[in-house]
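J.: got a predicted structure here, sequence first:
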Number of protein chains: 2
Amino acid sequence: MVNYPNKKKMPSSFTAHPVEGNKHYTALRGMNLEEDLNLSNSYYLESDIAVIYKKPTPIQVVKVDYPKRSAARIVEAYYRKPSTTDYNGLYRGRYIDFEAKETKVNYFPFKNISDHQIKHLERVKRHGGIAFLIIAFTTRNEAYLIDASYVCELYRTSSHRQITYDQVKQHGYPIPQGYQPRLDYLKILDEYYFKEGS
Amino acid sequence: MVNYPNKKKMPSSFTAHPVEGNKHYTALRGMNLEEDLNLSNSYYLESDIAVIYKKPTPIQVVKVDYPKRSAARIVEAYYRKPSTTDYNGLYRGRYIDFEAKETKVNYFPFKNISDHQIKHLERVKRHGGIAFLIIAFTTRNEAYLIDASYVCELYRTSSHRQITYDQVKQHGYPIPQGYQPRLDYLKILDEYYFKEGS
């Protein structure tokens, strides 16, 4: 397992909000967006529903040792800033591309997304792909899928340098949570992106 | 620049075959498929023609130092086998996925491609993406685009565990070489994948 640079583990006793509906699993273990998405994507892959992967974390290798009779060993390397998004793939014949972000507060600050990533999402839209963000409000145990168009426009025009929980709720779609897949974000695509004529 | 595990640098004086047509640049510096594709993809991106990237090399991080006031430093890590292909992206509204391989001999041995990668290419085809291989015969300075269907079938059925130069030539398409883009593989897609009705 790769140790992703931004990976945050919630304490297993994390229960900031009361348990509601079928959200027991997240309430018990705390929401970990990356893990939930990786598990969901594995489920989609194994069920032959979609082919969506998280890209490997880009790492700049500086020095490698080649010990005799064993694998090359990297002894100096640094994490690099990704120039694209974390996830892409293929669903129902369409190119899918998204970035996933967690926030503990009632807004998502734009300093946590790079110019490169915004530009990449805009490119994907322009070339006919489906581009969006998944934003998880971890203390609420809620995750939303929100189209890249809205977020990119806000990023370019808003002086507040953030998108609020209310804006996400108004312009995005809550992602159904369950046991398998944990975050069924493709359901949102089925409902809102694959309607007739789209 | 990442040091990719399989990166092979040709000596700058490499001129195994006589210079023909517009192939001066490769004849002079030797063909380096990965570099040629990265430059071609940068050109496609900057010209707003397509959004295609090489995925970062997957690296398993074992130990990280966090020196005060400076960036996290990875001090032990290993290259991992990729479970998918090296390149994917978006062109003319379609999902594109391919693996690029060099060979110095008159065939490409199947031991140099993994079961996982073949399975991935088959999945991409099944879900409506465009999947292919780019195979470069470096001593000939020739590169071919060949659809994944043919290669995957051969991989599954042939007892020879290889695809020969003649088979590639017969079932694939030679990729035009030039100054920019160096390997204009999207031209092949235009001609053979984006015909009316496809």
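T.: Good, I have the coordinates.

J.: all strands for chain A, in order.
T.: In chain A, the segments counted as strands under DSSP state E are A:51-54, A:59-65, A:73-79, A:87-91, A:94-103, A:107-109, A:130-137, A:142-147, A:162-164, A:173-174.

J.: now the helices for chain A?
T.: Along chain A, counting by DSSP state H, helices occupy A:24-29, A:33-46, A:115-126, A:148-157, A:165-171, A:185-192.

J.: for chain A, which residue occupies the most central location?
T.: residue A:100 (2.0 Å; Cα atoms, centre = their mean).

J.: tell me which residues touch it, please.
T.: A:33, A:34, A:37, A:86, A:87, A:133, A:134, A:135, A:136 (Cβ atoms under 8 Å, 6 or more residues apart in numbering or on different chains). (Each C-beta comes from the backbone N, C-alpha and C, glycine too.)

J.: from what I see, the fifth one and residue A:55 are in contact.
T.: Going back to what we said before, that points to residue A:87. Yes - applying Cβ atoms under 8 Å as the test, residue A:87 and residue A:55 come out as touching, 7.2 Å apart.

J.: which of the strands of chain A sits closest to residue B:73?
T.: strand A:73-79 (6.4 Å; Cβ to Cβ).

J.: separation between the residue lying farthest from the centre of chain A and residue B:75?
T.: Centroid-distance maximum for chain A: residue A:68 at 40.0 Å, with Cα atoms, centre = their mean. Using Cβ to Cβ, to the nearest Å, we find residue A:68 at a distance of 21 Å from residue B:75.

J.: and residue A:158, by the same measure?
T.: 41 Å.

J.: out of those two, which sits in the busier spot?
T.: residue B:75 (15 against 12; other Cβ atoms under 10 Å in any protein chain shown).

J.: among residue A:87 and residue A:55, which residue is more densely surrounded?
T.: Neighbour count, other Cβ under 10 Å: between residue A:87 and residue A:55, residue A:87 has more, with 21 against 18.

J.: identify the bridge partners of that one.
T.: With DSSP bridges as the criterion, residue A:87 is bridged to residue A:54, residue A:98.

J.: what pLDDT does it get?
T.: On pLDDT, residue A:87 comes in at 98.

J.: contact partners for it?
T.: By Cβ under 8 Å, 6+ apart, the neighbours of residue A:87 are A:37, A:41, A:52, A:53, A:54, A:55, A:96, A:97, A:98, A:99, A:100.

J.: low pLDDT regions in chain A?
T.: A:1-30, A:196-198 (pLDDT under 70).

J.: now do 80
T.: For chain A, applying pLDDT under 80 flags the ranges A:1-31, A:195-198.

J.: name the nearest residue to residue A:151, sequence neighbours excluded.
T.: residue A:133 (5.4 Å; Cβ to Cβ, 6 or more residues apart in numbering or on different chains).
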